[in-house]
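> got a predicted structure plus its sequence, pasted below:
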Amino acid sequence: MAFVAHQLFSGFSSSAARNVVIKSVTIIGGGQMGAGIAQVAASTGHSVTLVDTSDDILKKSIETIEGSLRRVVKKKFADKPEAGEEFIRNVMQKVLTSADAASAVRGSDLVVEAIAENLKVKQDLFRRLDKLAPPHTIFASNTSSLSISDIASSTNRPDKFGGLHFFNPVAMMKLVEVIGTPATSQETSESLMNFSKVLGKTPVSSKDTSGFIVNRLLVPCIVEAIRMYERGDASKEDIDIAMKLGAGHPMGPIELADYIGLDTVKSIMEGEAKDPDNPLFASSDLLNKLVAEGKVGRKTAEGFYKYK
Ligand SMILES: NC(=O)c1ccc[n+]([C@@H]2O[C@H](COP(=O)([O-])OP(=O)(O)OC[C@H]3O[C@@H](n4cnc5c(N)ncnc54)[C@H](O)[C@@H]3O)[C@@H](O)[C@H]2O)c1
(Lines give C-alpha, C1' and ligand atoms only; values in the text may rest on other atoms or scores of the structure.)
Protein backbone atom coordinates (compact mmCIF):
# COMPACT_ATOMS: atom_id res chain seq x y z
CA MET A 1 0.00 0.00 0.00
CA ALA A 2 1.24 3.48 -0.70
CA PHE A 3 0.08 6.67 0.91
CA VAL A 4 0.53 10.24 -0.13
CA ALA A 5 0.13 13.25 2.10
CA HIS A 6 -2.53 15.34 0.46
CA GLN A 7 -3.98 18.67 1.57
CA LEU A 8 -7.71 18.36 0.92
CA PHE A 9 -9.02 21.79 1.78
CA SER A 10 -7.49 24.56 3.81
CA GLY A 11 -8.74 24.01 7.32
CA PHE A 12 -8.20 20.23 7.23
CA SER A 13 -5.16 18.96 9.03
CA SER A 14 -2.70 17.08 6.83
CA SER A 15 -3.01 14.00 9.04
CA ALA A 16 -6.75 13.88 8.25
CA ALA A 17 -5.95 14.04 4.58
CA ARG A 18 -4.09 10.88 3.71
CA ASN A 19 -5.32 9.17 0.59
CA VAL A 20 -4.67 5.65 -0.57
CA VAL A 21 -2.79 5.83 -3.84
CA ILE A 22 -4.18 3.07 -5.96
CA LYS A 23 -1.57 0.95 -7.69
CA SER A 24 -3.02 -2.50 -7.59
CA VAL A 25 -6.62 -3.13 -8.68
CA THR A 26 -8.82 -6.21 -8.63
CA ILE A 27 -11.76 -6.10 -11.00
CA ILE A 28 -14.51 -8.60 -10.37
CA GLY A 29 -16.54 -9.43 -13.48
CA GLY A 30 -14.84 -9.74 -16.86
CA GLY A 31 -17.86 -8.80 -18.99
CA GLN A 32 -18.30 -5.70 -21.12
CA MET A 33 -17.57 -3.28 -18.29
CA GLY A 34 -15.03 -5.24 -16.25
CA ALA A 35 -12.88 -5.99 -19.31
CA GLY A 36 -12.99 -2.32 -20.27
CA ILE A 37 -12.04 -1.13 -16.78
CA ALA A 38 -9.20 -3.68 -16.69
CA GLN A 39 -7.92 -2.42 -20.05
CA VAL A 40 -7.90 1.22 -18.99
CA ALA A 41 -6.38 0.51 -15.58
CA ALA A 42 -3.60 -1.62 -17.08
CA SER A 43 -2.97 0.94 -19.84
CA THR A 44 -2.34 3.57 -17.16
CA GLY A 45 0.23 1.45 -15.32
CA HIS A 46 -1.86 -0.28 -12.65
CA SER A 47 -1.37 -3.92 -11.75
CA VAL A 48 -4.69 -5.54 -12.55
CA THR A 49 -6.24 -8.85 -11.58
CA LEU A 50 -9.41 -9.60 -13.49
CA VAL A 51 -11.75 -12.10 -11.83
CA ASP A 52 -14.69 -14.01 -13.26
CA THR A 53 -16.40 -17.28 -12.55
CA SER A 54 -14.54 -19.47 -15.05
CA ASP A 55 -11.31 -19.61 -17.05
CA ASP A 56 -13.32 -19.80 -20.28
CA ILE A 57 -15.02 -16.48 -19.57
CA LEU A 58 -11.67 -14.94 -18.60
CA LYS A 59 -10.12 -16.15 -21.85
CA LYS A 60 -12.84 -14.24 -23.72
CA SER A 61 -12.25 -11.17 -21.54
CA ILE A 62 -8.55 -11.22 -22.41
CA GLU A 63 -9.38 -11.53 -26.12
CA THR A 64 -11.77 -8.58 -25.79
CA ILE A 65 -9.09 -6.47 -24.09
CA GLU A 66 -6.49 -7.35 -26.70
CA GLY A 67 -8.93 -6.63 -29.57
CA SER A 68 -9.80 -3.28 -28.06
CA LEU A 69 -6.12 -2.41 -27.50
CA ARG A 70 -5.43 -3.20 -31.17
CA ARG A 71 -8.05 -0.63 -32.17
CA VAL A 72 -6.47 1.95 -29.83
CA VAL A 73 -2.97 1.20 -31.15
CA LYS A 74 -4.07 1.46 -34.79
CA LYS A 75 -4.87 5.12 -34.19
CA LYS A 76 -2.30 6.02 -31.55
CA PHE A 77 0.69 4.30 -33.13
CA ALA A 78 -0.38 4.56 -36.79
CA ASP A 79 3.19 5.31 -37.94
CA LYS A 80 4.99 3.09 -35.40
CA PRO A 81 3.49 -0.41 -35.53
CA GLU A 82 6.37 -1.90 -33.52
CA ALA A 83 5.87 0.59 -30.70
CA GLY A 84 2.18 -0.30 -30.85
CA GLU A 85 2.94 -4.01 -30.44
CA GLU A 86 5.22 -3.25 -27.50
CA PHE A 87 2.48 -1.14 -25.90
CA ILE A 88 0.01 -4.03 -26.22
CA ARG A 89 2.55 -6.47 -24.77
CA ASN A 90 3.27 -4.17 -21.80
CA VAL A 91 -0.41 -3.60 -21.07
CA MET A 92 -1.30 -7.29 -21.36
CA GLN A 93 1.53 -8.15 -18.94
CA LYS A 94 -0.19 -5.98 -16.36
CA VAL A 95 -3.42 -8.02 -16.50
CA LEU A 96 -3.56 -11.25 -14.53
CA THR A 97 -6.71 -13.33 -14.46
CA SER A 98 -8.18 -15.45 -11.70
CA ALA A 99 -11.33 -17.45 -11.10
CA ASP A 100 -10.70 -17.10 -7.37
CA ALA A 101 -11.81 -13.71 -6.05
CA ALA A 102 -10.65 -14.59 -2.54
CA SER A 103 -6.95 -14.83 -3.40
CA ALA A 104 -7.10 -11.99 -5.93
CA VAL A 105 -8.13 -9.31 -3.43
CA ARG A 106 -5.40 -10.03 -0.89
CA GLY A 107 -2.89 -7.55 -2.34
CA SER A 108 -5.30 -4.98 -3.74
CA ASP A 109 -5.58 -1.28 -3.03
CA LEU A 110 -8.93 -1.17 -4.83
CA VAL A 111 -11.60 -3.71 -5.74
CA VAL A 112 -13.97 -2.66 -8.53
CA GLU A 113 -17.03 -4.85 -8.87
CA ALA A 114 -18.69 -5.16 -12.30
CA ILE A 115 -20.77 -8.33 -11.97
CA ALA A 116 -24.48 -8.94 -12.56
CA GLU A 117 -26.84 -6.12 -11.62
CA ASN A 118 -28.37 -7.90 -8.63
CA LEU A 119 -28.23 -6.53 -5.08
CA LYS A 120 -28.06 -9.86 -3.29
CA VAL A 121 -25.34 -11.22 -5.58
CA LYS A 122 -23.28 -8.05 -5.12
CA GLN A 123 -23.81 -8.07 -1.34
CA ASP A 124 -22.79 -11.74 -1.10
CA LEU A 125 -19.60 -11.00 -3.03
CA PHE A 126 -18.60 -7.98 -0.93
CA ARG A 127 -19.51 -9.72 2.35
CA ARG A 128 -17.03 -12.46 1.41
CA LEU A 129 -14.33 -10.09 0.15
CA ASP A 130 -14.59 -7.86 3.23
CA LYS A 131 -13.15 -10.68 5.33
CA LEU A 132 -10.24 -11.27 2.93
CA ALA A 133 -9.09 -7.88 1.65
CA PRO A 134 -6.56 -5.85 3.65
CA PRO A 135 -8.05 -3.11 5.86
CA HIS A 136 -6.85 -0.28 3.59
CA THR A 137 -8.52 -1.72 0.46
CA ILE A 138 -11.22 0.48 -1.03
CA PHE A 139 -14.29 -1.24 -2.45
CA ALA A 140 -16.21 0.25 -5.37
CA SER A 141 -19.21 -0.89 -7.33
CA ASN A 142 -19.86 -0.07 -10.97
CA THR A 143 -23.61 -0.54 -10.49
CA SER A 144 -25.86 1.49 -12.76
CA SER A 145 -28.99 1.31 -10.70
CA LEU A 146 -28.50 -0.10 -7.21
CA SER A 147 -27.93 1.93 -4.07
CA ILE A 148 -24.25 2.02 -3.11
CA SER A 149 -25.30 2.25 0.56
CA ASP A 150 -27.31 -0.97 0.21
CA ILE A 151 -24.37 -2.81 -1.36
CA ALA A 152 -21.91 -1.40 1.19
CA SER A 153 -24.15 -2.48 4.09
CA SER A 154 -22.90 -6.05 3.59
CA THR A 155 -19.40 -4.97 4.68
CA ASN A 156 -17.72 -3.56 7.76
CA ARG A 157 -15.98 -0.85 5.74
CA PRO A 158 -18.72 1.59 4.68
CA ASP A 159 -16.17 4.44 4.98
CA LYS A 160 -14.02 2.71 2.35
CA PHE A 161 -16.89 2.03 -0.02
CA GLY A 162 -18.02 4.13 -2.98
CA GLY A 163 -19.42 3.96 -6.46
CA LEU A 164 -17.24 4.15 -9.57
CA HIS A 165 -19.67 4.31 -12.45
CA PHE A 166 -17.93 3.90 -15.80
CA PHE A 167 -19.58 4.21 -19.18
CA ASN A 168 -19.60 1.84 -22.11
CA PRO A 169 -17.25 1.44 -23.95
CA VAL A 170 -14.94 2.20 -21.06
CA ALA A 171 -11.89 2.80 -23.26
CA MET A 172 -13.70 5.55 -25.19
CA MET A 173 -16.01 7.20 -22.69
CA LYS A 174 -14.35 9.96 -20.72
CA LEU A 175 -16.78 10.17 -17.80
CA VAL A 176 -16.68 8.42 -14.44
CA GLU A 177 -19.34 9.17 -11.84
CA VAL A 178 -17.83 8.88 -8.36
CA ILE A 179 -20.58 8.13 -5.87
CA GLY A 180 -20.25 8.86 -2.20
CA THR A 181 -22.70 7.60 0.41
CA PRO A 182 -23.21 9.42 3.71
CA ALA A 183 -20.71 6.92 5.20
CA THR A 184 -18.01 7.23 2.51
CA SER A 185 -14.99 9.01 3.96
CA GLN A 186 -13.55 12.11 2.38
CA GLU A 187 -10.28 10.19 1.84
CA THR A 188 -12.05 7.41 -0.03
CA SER A 189 -13.88 9.89 -2.27
CA GLU A 190 -10.61 11.71 -2.96
CA SER A 191 -8.82 8.45 -3.75
CA LEU A 192 -11.56 7.43 -6.18
CA MET A 193 -11.55 10.86 -7.84
CA ASN A 194 -7.74 10.73 -8.17
CA PHE A 195 -7.81 7.17 -9.49
CA SER A 196 -10.35 8.20 -12.16
CA LYS A 197 -8.11 11.09 -13.21
CA VAL A 198 -5.05 8.83 -13.41
CA LEU A 199 -7.11 6.60 -15.75
CA GLY A 200 -7.42 9.63 -18.02
CA LYS A 201 -11.10 10.10 -17.23
CA THR A 202 -13.06 13.11 -16.07
CA PRO A 203 -14.72 12.30 -12.75
CA VAL A 204 -17.87 13.99 -11.48
CA SER A 205 -19.20 13.38 -8.01
CA SER A 206 -22.76 12.51 -7.21
CA LYS A 207 -24.72 11.55 -4.14
CA ASP A 208 -26.06 8.00 -3.91
CA THR A 209 -29.39 8.85 -5.55
CA SER A 210 -31.05 6.50 -8.01
CA GLY A 211 -29.61 6.77 -11.51
CA PHE A 212 -26.87 9.11 -10.24
CA ILE A 213 -26.57 11.91 -12.83
CA VAL A 214 -26.46 10.42 -16.32
CA ASN A 215 -28.95 7.56 -16.04
CA ARG A 216 -31.44 9.69 -14.15
CA LEU A 217 -31.57 11.89 -17.25
CA LEU A 218 -30.82 9.38 -20.02
CA VAL A 219 -32.99 6.39 -19.09
CA PRO A 220 -36.32 8.28 -19.28
CA CYS A 221 -35.36 9.18 -22.86
CA ILE A 222 -34.57 5.51 -23.71
CA VAL A 223 -37.75 4.26 -22.03
CA GLU A 224 -39.95 6.77 -23.82
CA ALA A 225 -38.31 5.78 -27.14
CA ILE A 226 -39.16 2.10 -26.45
CA ARG A 227 -42.75 3.06 -25.64
CA MET A 228 -42.97 5.13 -28.80
CA TYR A 229 -41.87 2.10 -30.82
CA GLU A 230 -44.21 -0.19 -28.82
CA ARG A 231 -47.17 2.15 -29.53
CA GLY A 232 -46.28 2.18 -33.22
CA ASP A 233 -45.79 5.96 -33.27
CA ALA A 234 -42.62 5.54 -35.33
CA SER A 235 -40.26 2.79 -36.47
CA LYS A 236 -37.21 2.04 -34.31
CA GLU A 237 -34.98 3.14 -37.18
CA ASP A 238 -36.76 6.49 -37.50
CA ILE A 239 -36.67 7.09 -33.74
CA ASP A 240 -32.90 6.52 -33.79
CA ILE A 241 -32.37 8.71 -36.88
CA ALA A 242 -34.53 11.45 -35.38
CA MET A 243 -32.53 11.66 -32.16
CA LYS A 244 -29.20 11.52 -33.98
CA LEU A 245 -30.02 14.19 -36.55
CA GLY A 246 -32.53 16.24 -34.57
CA ALA A 247 -30.95 16.23 -31.13
CA GLY A 248 -27.30 15.68 -32.03
CA HIS A 249 -27.04 12.42 -30.07
CA PRO A 250 -24.21 10.18 -31.34
CA MET A 251 -26.47 7.09 -31.02
CA GLY A 252 -30.25 6.76 -31.19
CA PRO A 253 -31.98 5.74 -27.92
CA ILE A 254 -33.00 2.27 -29.14
CA GLU A 255 -29.52 1.52 -30.51
CA LEU A 256 -28.17 2.75 -27.19
CA ALA A 257 -30.49 0.42 -25.24
CA ASP A 258 -29.11 -2.54 -27.23
CA TYR A 259 -25.60 -1.26 -26.62
CA ILE A 260 -26.03 -0.92 -22.85
CA GLY A 261 -27.81 -4.29 -22.64
CA LEU A 262 -31.59 -4.60 -22.30
CA ASP A 263 -31.16 -6.54 -19.03
CA THR A 264 -29.25 -3.60 -17.58
CA VAL A 265 -31.82 -1.10 -18.90
CA LYS A 266 -34.60 -3.18 -17.34
CA SER A 267 -32.77 -3.26 -13.98
CA ILE A 268 -32.28 0.49 -14.03
CA MET A 269 -35.98 1.01 -14.83
CA GLU A 270 -37.01 -1.31 -12.03
CA GLY A 271 -34.77 0.54 -9.62
CA GLU A 272 -36.33 3.86 -10.57
CA ALA A 273 -39.87 2.46 -10.65
CA LYS A 274 -39.75 2.08 -6.85
CA ASP A 275 -40.63 5.78 -6.81
CA PRO A 276 -44.42 5.69 -7.38
CA ASP A 277 -44.46 9.39 -8.24
CA ASN A 278 -42.28 8.78 -11.24
CA PRO A 279 -44.33 7.26 -14.12
CA LEU A 280 -41.39 7.64 -16.51
CA PHE A 281 -40.02 4.26 -15.46
CA ALA A 282 -43.16 2.07 -15.57
CA SER A 283 -42.33 -1.30 -17.12
CA SER A 284 -42.50 -2.03 -20.86
CA ASP A 285 -43.98 -5.35 -22.08
CA LEU A 286 -41.77 -5.37 -25.15
CA LEU A 287 -38.58 -4.80 -23.14
CA ASN A 288 -39.58 -7.49 -20.62
CA LYS A 289 -40.31 -9.95 -23.46
CA LEU A 290 -36.91 -9.40 -25.14
CA VAL A 291 -35.07 -9.81 -21.83
CA ALA A 292 -37.06 -12.99 -21.01
CA GLU A 293 -36.06 -14.39 -24.43
CA GLY A 294 -32.39 -13.64 -23.72
CA LYS A 295 -32.30 -11.05 -26.51
CA VAL A 296 -30.54 -8.39 -24.49
CA GLY A 297 -28.78 -6.43 -27.22
CA ARG A 298 -25.31 -6.43 -28.73
CA LYS A 299 -23.82 -8.81 -26.18
CA THR A 300 -26.20 -11.59 -27.27
CA ALA A 301 -26.15 -10.47 -30.94
CA GLU A 302 -29.86 -9.58 -30.80
CA GLY A 303 -31.99 -7.04 -28.99
CA PHE A 304 -34.20 -4.57 -30.80
CA TYR A 305 -31.77 -5.00 -33.71
CA LYS A 306 -29.78 -8.02 -34.88
CA TYR A 307 -25.95 -7.96 -34.87
CA LYS A 308 -23.54 -10.23 -36.68
N1 LIG B 1 -23.33 -2.39 -19.82
C2 LIG B 1 -23.27 -1.09 -19.54
O3 LIG B 1 -23.41 -0.23 -20.41
C4 LIG B 1 -22.98 -0.66 -18.12
C5 LIG B 1 -22.54 0.65 -17.89
C6 LIG B 1 -22.22 1.04 -16.59
C7 LIG B 1 -22.35 0.13 -15.55
N8 LIG B 1 -22.79 -1.14 -15.80
C9 LIG B 1 -22.89 -2.05 -14.67
O10 LIG B 1 -21.71 -2.85 -14.66
C11 LIG B 1 -22.02 -4.15 -14.14
C12 LIG B 1 -21.62 -5.20 -15.16
O13 LIG B 1 -22.29 -4.95 -16.37
P14 LIG B 1 -21.80 -5.63 -17.76
O15 LIG B 1 -22.56 -4.96 -18.81
O16 LIG B 1 -20.31 -5.66 -17.82
O17 LIG B 1 -22.34 -7.13 -17.54
P18 LIG B 1 -21.87 -8.47 -18.29
O19 LIG B 1 -23.03 -9.37 -18.22
O20 LIG B 1 -21.25 -8.15 -19.63
O21 LIG B 1 -20.67 -9.01 -17.35
C22 LIG B 1 -20.84 -9.43 -16.03
C23 LIG B 1 -19.74 -10.46 -15.75
O24 LIG B 1 -19.74 -10.75 -14.35
C25 LIG B 1 -19.49 -12.14 -14.18
N26 LIG B 1 -19.98 -12.52 -12.85
C27 LIG B 1 -21.25 -12.64 -12.43
N28 LIG B 1 -21.27 -12.98 -11.10
C29 LIG B 1 -19.97 -13.07 -10.71
C30 LIG B 1 -19.33 -13.35 -9.47
N31 LIG B 1 -20.03 -13.61 -8.37
N32 LIG B 1 -17.97 -13.34 -9.43
C33 LIG B 1 -17.25 -13.06 -10.52
N34 LIG B 1 -17.80 -12.77 -11.73
C35 LIG B 1 -19.15 -12.76 -11.81
C36 LIG B 1 -20.24 -12.80 -15.33
O37 LIG B 1 -19.73 -14.09 -15.59
C38 LIG B 1 -19.96 -11.80 -16.46
O39 LIG B 1 -18.78 -12.13 -17.18
C40 LIG B 1 -23.51 -4.13 -13.80
O41 LIG B 1 -23.64 -3.79 -12.44
C42 LIG B 1 -24.05 -3.02 -14.68
O43 LIG B 1 -25.20 -2.42 -14.15
C44 LIG B 1 -23.10 -1.56 -17.06
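Right, received. Where do you want to start? Numbering: from 1, shown residues only.

> the ligand contacts on the stretch 51-200 of the chain?
Proximity of the stretch 51-200 of the chain to the ligand is assessed by CB under 6 Å from any ligand atom, with 51-53, 57, 101, 114-117, 121, 125, 142-144, 165-168 identified as the residues in range. (Each C-beta comes from the backbone N, C-alpha and C, glycine too.)

> which ones among these are found in helices?
Per DSSP state H, helices hold the following members of those: 57, 101, 121, 125.

> which among the residues of the stretch 51-200 of the chain next to the ligand end up buried?
Among these, the ones that count as buried by 16 or more other CB atoms under 10 Å are 51-52, 57, 101, 114-115, 117, 125, 142-144, 165-168.

> farthest pair within those?
The largest separation in those, counting by CB to CB, is between 101 and 167 at 24.3 Å.

> inside strands: which ones of the residues of the stretch 51-200 of the chain next to the ligand?
When DSSP state E defines the strands, the subset of these inside them is 51, 165, 166.

> now the residue lying closest to residue 73 once chain neighbours are set aside: how far from the ligand?
Once flanking residues are discounted, residue 73 sits nearest to residue 84: 3.7 Å by CB to CB, 6 or more residues apart in numbering. When distances are taken as CB to the nearest ligand atom, to the nearest Å, residue 84 and the ligand turn out to be 26 Å apart.

> helices or strands up against the helix or strand encompassing residue 84?
Mapping residue 84 onto the secondary structure by DSSP states H and E places it in helix 81-93. Identification of packing neighbours for helix 81-93 by 3 or more CB pairs under 8 Å, 6 or more residues apart in numbering; DSSP states H and E yields helix 32-43, helix 55-76.

> for the record, mean pLDDT for it?
The predicted model assigns helix 81-93 a mean pLDDT of 95.

> can you check stretch 154-169 too?
The average pLDDT for stretch 154-169 rounds to 97.

> for stretch 211-222, same thing?
For stretch 211-222, mean pLDDT rounds to 90.

> what do you get for stretch 125-133?
Across stretch 125-133, pLDDT averages out at 97.

> ok, back up a step: winner for burial among the helices and strands packed on helix 81-93?
Per residue and on average, the most neighbours among the helices and strands packed on helix 81-93 fall to helix 32-43, with a mean of 26 (mean count of other CB atoms under 10 Å).
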